[in-house]
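>>> Sequence isn't available, so here's the structure alone:
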């Protein structure tokens, strides 16, 4: 859990106000299912403890002005800042350049989270964002759920930057080998999320031959902000 020192109340209040947009506090409260009094206290920087990832997910799912789940999580202190965790990267200016592939991938992942959270609010089952541990770089988001026998849902984002291909991602051995190193249980669900139809079809044509996981692949449309489809690749099997 984020400490009070890690929680940047001023930055979080600014981001939350941007996320609220032109809506009144009461309107925003009704849409996010967070009490107006609680939102008001965050906006006035009267709460010392950071909001939980679950509360932040509610804000992010209904946010405006391009305020993302990741932005709010960083301000709350749940996720480390990039300049704290990427010490061996190139200079910040080069890293954050719009032409930089890594920067583009991270921006796409922020949009992935927005689409996933918005879709979850229309799902008929209960869910919550799990408290991240460490840098939370893999997988991209972890959910506690109660649906179809699954208790935990891991979502691994594989964005495709328009006009650019990523050979390492397209190599199925590399993709499934990474997942095989992650300890999964019989009641866990693991979903690879892509935004390119060709990537989706490639994965569907090359399911893993031997992988102890309830593995799925999901296609999302970033332009329309919605989940298009999700298909099963393989079931968990005891050795």
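Thanks, I have it. If you're wondering where the values come from, they're calculated on a predicted model, not measured in any experiment.
>>> which residue ranges form the helices in the protein?
Using DSSP state H, the helices assigned to the chain run over residues 9-20, 25-32, 36-43, 53-61, 69-76, 82-85, 92-95, 101-120, 167-170, 172-180, 197-205.
>>> what packs against the longest one?
Based on contacts counted as 3 or more CB pairs under 8 Å, 6 or more residues apart in numbering; DSSP states H and E, the elements that helix 101-120 packs against are helix 53-61, helix 69-76, strand 141-147, strand 150-158, strand 215-221, strand 226-234. Where C-beta positions appear, they are placed from N, C-alpha and C, glycine not excepted.
>>> List the backbone torsions phi and psi for residue 50.
Main-chain torsions, residue 50, degrees, to the nearest 10: phi -70, psi 150.
>>> follow-up on the earlier one: mind putting the helices of the chain into TSV with mean pLDDT and distance to residue 224?
Converted to TSV, the helices of the chain look like this (pLDDT from 0 to 100; distance: least, CB to CB, whole Å):
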stretch	mean pLDDT	distance to residue 224
helix 9-20	93	21
helix 25-32	94	20
helix 36-43	94	28
helix 53-61	89	16
helix 69-76	88	19
helix 82-85	48	29
helix 92-95	47	30
helix 101-120	85	9
helix 167-170	45	23
helix 172-180	75	26
helix 197-205	90	13
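>>> Now mean neighbour count too, for the ones you listed, in JSON lines please.
Formatted as JSON lines, the helices of the chain follow (neighbours: other CB atoms under 10 Å):
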{"stretch": "helix 9-20", "mean neighbour count": "18"}
{"stretch": "helix 25-32", "mean neighbour count": "17"}
{"stretch": "helix 36-43", "mean neighbour count": "16"}
{"stretch": "helix 53-61", "mean neighbour count": "22"}
{"stretch": "helix 69-76", "mean neighbour count": "23"}
{"stretch": "helix 82-85", "mean neighbour count": "12"}
{"stretch": "helix 92-95", "mean neighbour count": "12"}
{"stretch": "helix 101-120", "mean neighbour count": "18"}
{"stretch": "helix 167-170", "mean neighbour count": "12"}
{"stretch": "helix 172-180", "mean neighbour count": "15"}
{"stretch": "helix 197-205", "mean neighbour count": "16"}
